[in-house]
Structure formats: structure tokens, C-alpha cells
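A.B. asks: this one's sequence-less:
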Ligand SMILES: CC(C)(COP(=O)(O)OP(=O)(O)OC[C@H]1O[C@@H](n2cnc3c(N)ncnc32)[C@H](O)[C@@H]1OP(=O)(O)O)[C@@H](O)C(=O)NCCC(=O)NCCS
């Protein structure tokens, strides 16, 4: 898989990618990406976005870094999803690393990601990139069955982590 910034050329493949995802996985993106028009609108925004693409041009994963507005405009918000058929092959970690490096280069001082509290494997993956638990918000997510679930926010503090960038394998990506 090759990681590339999203361009207009990815629109059709990205619509297919999101439509093929289980509905629950689409919720991690937060926009209604089950609707092709919402995907087109998302691509038209200035949000930083990347895809993992195979040799045939099919998309296996997507990541975005959204900036928070106003007084939190130093905070980046990562949204990540990998096609279930491509999981456990390193695509998620590579997309997350890419998004983290780009957010830091872009001047974000804090990068956060929101998960349901039971996603131990995703928490483990983000921990390897220097994310730690920031907040647990009870009943903060309502899933598609209407059940309330706890939300976990993980955060990566850039200034605290700077010394360990090399350990995280990000120094090269950041041009050090
Ligand atoms: C979380 C997610 C992005 C991981 O993607 P992935 O491509 O499978 O991740 P990787 O293959 O890069 O795995 C990285 C590490 O995560 C952990 N991990 C990922 N999936 C795991 C699983 N099912 N069981 C145990 N560990 C797992 C492992 O530590 C793994 O490293 P390893 O393979 O060296 O042991 C993917 O499961 C997903 O899309 N989930 C739904 C959306 C989501 O949770 N997004 C994150 C919040 S926005």
C-alpha cells in the first residue's frame, strides 16, 4: 500500500471504500461518509487527508487531521479507519504516523484521537506513537443501536514528546 494525500482523483475509490465499510467503522470519521455527497464535500474541505492505495488503485485506509477552531486551533484531531480486510498489516499504524508527522509539521502542539473505551488494540497502536490517556467521557457516544458507550480521548503532546521523536520513528519524516 502506498500512502498519498487525497486528491480529486481518489473521489470514486474513496466513495467505494467508505460504502464498503461496516456502518460502525464509518462512525469513526464522524462525517456521514456513507453518503457519497458527504464524501465529496469532505474532499472539498481544506482538511488534511491521506489514503492508503493498493497497486490497482483501491483504497485500504483513510486518515484525516482536523483542526479544532478558535482557542484550540493548536490542537489536531485524527480520524482513522482501515478496511477490515487490510487490518493487522501495518496500514493503520503507517497512516497514523503520517497524520501525526504532518500535524506536527503544520504546527499543532497537541494531537488527539477519540475512541470507544473498549478499543484496546487501537489504544495500544496509538500508545506506540506517544499517545496517552487524556479523558474518559462516560456515555458520550451513542452507537447505531442506541446504546451509550464511554469515549476515551488519547492525546499526544508534541513538546513533551519531542525528545522521543526518534524512538517513534518520526524524526526522519519530520526532516530532522
Ligand atoms: C484501529 C485500526 C485503525 C488499526 O488498523 P490496522 O491497520 O489493523 O493497524 P496495524 O496493522 O497498523 O496495527 C498496529 C498495531 O495495533 C495493534 N492492533 C491493531 N489491531 C489489533 C487487533 N485486532 N488485536 C490486537 N492488536 C491490534 C497492534 O499493536 C498492532 O501492532 P502489531 O501488528 O505489530 O502487533 C483499525 O482496527 C480500524 O480501522 N478500526 C476501526 C476504526 C478505529 O478504531 N479508528 C481509530 C480511532 S479514529
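C.D. replies: Perfect, I can see it now. Remember, it's a predicted structure, so these values are computed and weren't measured experimentally.

A.B. asks: use CA for all of it now, contacts and neighbours both
C.D. replies: OK.

A.B. asks: give me the low-pLDDT residue ranges for this structure?
C.D. replies: Scanning the chain for pLDDT under 70 picks out the ranges 161-176.

A.B. asks: What helices and strands are in contact with the longest helix belonging to it?
C.D. replies: Scanning the chain for the longest helix, with DSSP state H as the assignment, gives helix 91-105. For helix 91-105, the elements it packs on are strand 48-53, strand 59-67, strand 75-82, helix 120-127, judged by 3 or more CA pairs under 8 Å, 6 or more residues apart in numbering; DSSP states H and E.

A.B. asks: Give me the sheet partners of the third one and which way each runs.
C.D. replies: Going back to what we said before, that points to strand 75-82. Sheet pairing here is set by DSSP bridges, and for strand 75-82 it gives strand 59-67 (antiparallel), strand 110-116 (parallel).

A.B. asks: buried ones in the longest helix of the chain?
C.D. replies: By neighbour count, and taking 16 or more other CA atoms under 10 Å as the criterion, the buried residues in helix 91-105 are 91-104.

A.B. asks: again, but for stretch 152-159
C.D. replies: Those buried within stretch 152-159 under the rule 16+ other CA under 10 Å are 152, 153, 154, 155, 156, 157, 158.

A.B. asks: Surely the third one is in contact with residue 116?
C.D. replies: No - using CA atoms under 8 Å, residue 154 makes no contact with residue 116, being 10.7 Å away.
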